[in-house]
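K.L.:
What follows is a predicted protein model with its sequence.
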Amino acid sequence: MGETSIQLEPFVSPSEAAQFLSIRPRQLLELARANILPGHPIGGGKRRVWRFRLSELAASVSGGVDYRSAVPDGHKARRKRYG
């Protein structure tokens, strides 16, 4: 039997993800909370820790994937209108 190794992409912090997109970390978090950009909130409390995958962000901003339609119904985010 052959052993298959799956290489998972690591998560990055909001600061690293914001730098990748050339925006402020606060703006990145607002866009993620509004389901405009893909993000992964960790924890169930008021102050969640957010992590991002650079490939998901790149696909989202290049128009490759619509992450807003993939959000589970249980996750209701605040809506803000941008540009």
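P.N.:
Sure thing, it's come through.
K.L.:
Skipping adjacent residues, who's closest to the residue most central in space within the chain in space?
P.N.:
Centroid-nearest residue in the chain, with Cα atoms, centre = their mean: Gly39, separated by 1.8 Å. The spatial neighbour of Gly39 that comes closest, neighbours along the chain excluded (Cβ to Cβ, 6 or more residues apart in numbering), is Ala32 at 3.2 Å. No exception for glycine: its C-beta is placed from N, CA and C like everyone else's.
K.L.:
my guess is that neighbour meets Arg26, correct?
P.N.:
No. Counting by Cβ atoms under 8 Å, Ala32 stays clear of Arg26, with 10.9 Å between them.
K.L.:
Could you pull out the buried residues of stretch 3-10?
P.N.:
Across stretch 3-10, burial judged by 16 or more other Cβ atoms under 10 Å covers no residue at all.
K.L.:
Please apply the same query to stretch 23-39.
P.N.:
28-33, 35-39.
K.L.:
Need the mean per-residue confidence for it.
P.N.:
For stretch 23-39, mean pLDDT rounds to 96.
K.L.:
Please save the CA atoms from that stretch in PDB.
P.N.:
Extracted as PDB, the C-alpha positions of stretch 23-39 are listed here (Å, rounded to 0.1, in the frame of the first residue of the first chain):
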ATOM      1  CA  ILE A  23      -5.300  46.600   3.000                       C
ATOM      2  CA  ARG A  24      -5.500  47.300   6.700                       C
ATOM      3  CA  PRO A  25      -6.100  44.400   9.100                       C
ATOM      4  CA  ARG A  26      -9.200  46.100  10.400                       C
ATOM      5  CA  GLN A  27     -10.700  46.400   6.900                       C
ATOM      6  CA  LEU A  28      -9.900  42.700   6.300                       C
ATOM      7  CA  LEU A  29     -11.700  41.700   9.400                       C
ATOM      8  CA  GLU A  30     -14.800  43.800   8.600                       C
ATOM      9  CA  LEU A  31     -14.900  42.200   5.100                       C
ATOM     10  CA  ALA A  32     -14.600  38.700   6.500                       C
ATOM     11  CA  ARG A  33     -17.300  39.400   9.100                       C
ATOM     12  CA  ALA A  34     -19.600  40.600   6.300                       C
ATOM     13  CA  ASN A  35     -18.900  37.500   4.300                       C
ATOM     14  CA  ILE A  36     -17.300  39.500   1.500                       C
ATOM     15  CA  LEU A  37     -14.000  37.800   1.900                       C
ATOM     16  CA  PRO A  38     -13.400  34.200   3.100                       C
ATOM     17  CA  GLY A  39     -12.200  33.800   6.700                       C
END
